[in-house]
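Participant: The following block contains a protein sequence and its predicted model.
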Amino acid sequence: MKKITGLFVFIFIASLFSCNQPGITSEALKIDTAKEQQQINIILDSFNKAAAKADFNSYFNFYTDDAIFTGTDATERWTKKEFMAYSKPFFDKGKAWNFTSLQRHIYFDKTGNTAWFDELLSTQMKICRGSGVLVKQGDEWKIAQYILSATVPNSIMDTVTKMKAAEEDSIMLKFKK
């Protein structure tokens, strides 16, 4: 009987700890988004500066090991390792790319461990858009996905579409097969 009573007491105590504790509200579990947003802004600015200085190691340390980079060309979708191989010659020459944020928006999921962003960038290609997903690994934010896209003003979209049609029609055919 003592063993059964002890078992019930153990189950009762365990169930208390598995429930929400009084005094701990969902508000208390929320992240300080202003602080995290400030940290992400610093990371993204430093990420862009590392490329501008052609600092290969620093630049790629901002990515998760399983990160994906998607570039402006339809054929540019690389794992971190593939993107490193593609980018190495540019960094070795001491001139990668120089992007500066003009406007940035950052959002968080409910856990505070995933964030996504979109930004307008001043680049050598004029205005581009950078967007991506960051994940928190320990105390650090890392880029898990980065997408770079070139913006095209609506007033010249028809002209640009005609200019790229032949090349991109062949790419679309490959995907349709």
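Facilitator: Right, received. Where do you want to start?
Participant: was I right about residue 143 contacting residue 65?
Facilitator: No. Counting by CB atoms under 8 Å, residue 143 stays clear of residue 65, with 11.2 Å between them. (Glycine included, C-beta is placed from N, CA and C.)
Participant: what about those two, which has more around it?
Facilitator: residue 143 (22 against 10; other CB atoms under 10 Å).
Participant: Torsion angles phi and psi at the more buried one?
Facilitator: phi -80, psi 120 (degrees, to the nearest 10).
Participant: so what pLDDT did the spatially closest residue to residue 122 that is not a sequence neighbour get?
Facilitator: Closest residue in space to residue 122, ignoring its immediate chain neighbours: residue 100 at 4.6 Å, by CB to CB, 6 or more residues apart in numbering. On pLDDT, residue 100 comes in at 98.
Participant: Residue 51 is in contact with residue 100, correct?
Facilitator: No. Between residue 100 and residue 51 there is no contact under CB under 8 Å: 10.8 Å.
Participant: more neighbours, these two?
Facilitator: Neighbour tally, residue 100 and residue 51, criterion other CB under 10 Å: the higher count belongs to residue 51, 21 against 13.
Participant: center of this protein, which residue is that?
Facilitator: residue 133 (2.5 Å; CA atoms, centre = their mean).
Participant: Report the contact partners of that residue.
Facilitator: By CB atoms under 8 Å, 6 or more residues apart in numbering, the residues touching residue 133 are 114, 115, 116, 143, 144, 145.
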